[in-house]
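1. Coordinates for the following, if possible.
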Amino acid sequence: MNLKTFFKKWKEGILTLSQEKQLKAKLIGLIGGIFGLTLALISMVYRGVWGFSIFVFFIIWIQVIAYISTNQQYVQVKEMMKELEPQNQDKESPKTDEELGNS
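-> Okay, the predicted model is just below:
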């Protein structure tokens, strides 16, 4: 597989992702970012780099707020998908009605 076909398949995969999967991937990325920044903050405090550690602390704070927001979106999308699931089942009922002669 060359680079051009890789990027073509990658783009197709990204475009076909559901919103639920996109939000879940974003949550995992935010957790990784928070974990890495926390380790960096601990290292900076240990070495005594206070000026930059304050900056990193506020970046962690923003990441936590983004995580909370994304988690709320994820929960709402999951609830919405549960509500849409019965509607998707109703799409099959016209076929069944025709088969039964109830149309």
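2. Which neighbouring elements make contact with the longest helix that the chain contains?
-> Secondary structure of the chain read by DSSP state H shows that its longest helix is helix 50-90. If contacts are counted by 3 or more CB pairs under 8 Å, 6 or more residues apart in numbering; DSSP states H and E, helix 50-90 sits against helix 19-47. Any C-beta I mention is one placed from the backbone N, CA and C, and that applies to glycine too.
3. Show me what the helix it packs on is packed up against.
-> In terms of contacts (3+ CB pairs under 8 Å, 6+ apart), helix 19-47 is packed against helix 50-90.
4. Lys11 and Ser53, how far apart?
-> Lys11 sits 39 Å away from Ser53, going by CB to CB, to the nearest Å.
5. quick one: low-confidence parts of this protein?
-> Within the chain, the segments meeting pLDDT under 70 span 86-103.
6. Nearest residue to the middle of it?
-> Nearest to the mean C-alpha position of the chain, by CA atoms, centre = their mean, lies Leu23 at 1.7 Å.
7. so that one makes contact with Tyr67?
-> No - with contact defined as CB atoms under 8 Å, Leu23 does not reach Tyr67; the gap is 11.1 Å.
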